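**Student:** model the structure of this input:
(chains A and B)
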Amino acid sequence: GAGVSQSPSNKVTEKGKDVELRCDPISGHTALYWYRQSLGQGLEFLIYFQGNSAPDKSGLPSDRFSAERTGGSVSTLTIQRTQQEDSAVYLCASSYRGTSSYNEQFFGPGTRLTVL
Amino acid sequence: AQSVAQPEDQVNVAEGNPLTVKCTYSVSGNPYLFWYVQYPNRGLQFLLKYITGDNLVKGSYGFEAEFNKSQTSFHLKKPSALVSDSALYFCAVRGYSGNTPLVFGKGTRLSVIA
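**Tutor:** This is a model prediction of the structure:
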């Protein structure tokens, strides 16, 4: 079966513009995560969706960042009024039965965002 | 709070030699530990995990990791390195609570030299 897919693979935008990043998780996976990987940094957790529960937004760096997950499947991460420090690779991951701590997460290839 | 430390930004090893990539963690309660690898322009790929049981965990591509509770470590190892193992390696930890995301280390870049 298909893995986690993300689009676009690359996005170049101008400072102040809004961007939307899309994630298609593995079919049947109930948990979906967004991470950010900046140059020289590890992976920074942004937001987590589990089934129909309220998402864990504790990692979002500012109110310019938001995400939604429609129908328990596809997710969109939106960054409003982008800033240069938002430039990073945004990774999406999904896992089966996210309340089970031992299930590994499967990652998409990421979206490389460059804010000029 | 959970945390992971990968003390080495870069590890260089000759092809055919054993390799070790170090990881230490801090978590309340029993840890769930993971190793991921990232090849250039690719997403992260799962290598192995420790949940419970034997301290030596075997994973993909001939990699293994040893869980040491007293030293709070989970070092990644391979008996004989290949040039194709050159990549960025991430250690991650998750606490017992199922609603916590993975906490990753900053990564260690492994270079295997022919």
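**Student:** leaving out the residues flanking it, which one is nearest to the most centrally placed residue in chain A?
**Tutor:** Nearest residue to the geometric centre of chain A (C-alpha atoms, centre = their mean): A:Trp34, 2.9 Å. Leaving out its chain neighbours, the residue that sits closest to A:Trp34 by C-beta to C-beta, 6 or more residues apart in numbering or on different chains is A:Leu46, at 4.2 Å. Bear in mind the C-beta positions are built from the backbone N, C-alpha and C, glycine included.
**Student:** helix or strand for that neighbour, which one?
**Tutor:** strand A:43-50 (DSSP states H and E).
**Student:** list the contacts of whatever helix or strand comes next after that strand.
**Tutor:** Using DSSP H and E, the next helix or strand after strand A:43-50 towards the C-terminus is strand A:65-69. Outside strand A:65-69, the residues within contact range by C-beta atoms under 8 Å, 6 or more residues apart in numbering or on different chains are A:32, A:34, A:46-47, A:49, A:55, A:57, A:60, A:75-80.
**Student:** can you pull the contacts of B:Met78?
**Tutor:** No Met there; residue B:78 is Lys. By C-beta under 8 Å, 6+ apart, the contact set of B:Lys78 is B:18-19, B:61-64, B:85.
**Student:** relative to chain A, how far out is it?
**Tutor:** Note on B:Lys78: its distance to chain A, by C-beta to the nearest C-beta, to the nearest Å, is 19 Å.
**Student:** do the same with B:Asp85
**Tutor:** To chain A, B:Asp85 is 19 Å away according to C-beta to the nearest C-beta.
**Student:** now B:Glu8
**Tutor:** Using C-beta to the nearest C-beta, B:Glu8 is found at 13 Å from chain A.
**Student:** which elements pack onto the strand holding A:Leu46?
**Tutor:** strand A:31-37, strand A:65-69, strand A:75-79 (3 or more C-beta pairs under 8 Å, 6 or more residues apart in numbering or on different chains; DSSP states H and E).
**Student:** any idea which of those strands gets closest to B:Gly29?
**Tutor:** strand A:31-37 (20.3 Å; C-beta to C-beta).
**Student:** partners of the closest one in the sheet?
**Tutor:** strand A:43-50 (antiparallel), strand A:88-95 (antiparallel) (DSSP bridges).
**Student:** how deep is the nearest residue to B:Pro7 once chain neighbours are set aside tucked in, by neighbour count?
**Tutor:** Excluding the flanking residues, the one nearest B:Pro7 by C-beta to C-beta, 6+ apart is B:Lys22, at 5.5 Å. Counted with other C-beta atoms under 10 Å in any protein chain shown, residues neighbouring B:Lys22 total 17.
**Student:** isn't B:Lys22 up against B:Asp9?
**Tutor:** No: contact criterion C-beta atoms under 8 Å: B:Lys22 and B:Asp9 do not qualify, at 11.3 Å.
**Student:** identify the contacts common to these two.
**Tutor:** Joint contacts of B:Lys22 and B:Asp9 (C-beta under 8 Å, 6+ apart) are B:Thr108.
**Student:** contacts only, for residue 22.
**Tutor:** If you meant another chain, say so; for now it's chain A. For A:Arg22, the contact set (C-beta under 8 Å, 6+ apart) comprises A:6-7, A:74-76.
**Student:** I was after chain B.
**Tutor:** Going by C-beta under 8 Å, 6+ apart, B:Lys22 touches B:6-8, B:73, B:75-76, B:108.
**Student:** give me the buried entries from the residues you listed.
**Tutor:** Buried by 16 or more other C-beta atoms under 10 Å in any protein chain shown: B:6, B:73, B:75-76, B:108, out of the contacts of B:Lys22.
**Student:** now secondary structure and pLDDT too, for the residues you listed, in CSV please.
**Tutor:** Listed next are those as CSV, based on DSSP: H, G, I helix; E, B strand; the rest coil; pLDDT from 0 to 100:
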residue, secondary structure, pLDDT
B:Gln6, coil, 96
B:Ser73, strand, 97
B:His75, strand, 98
B:Leu76, strand, 98
B:Thr108, strand, 96
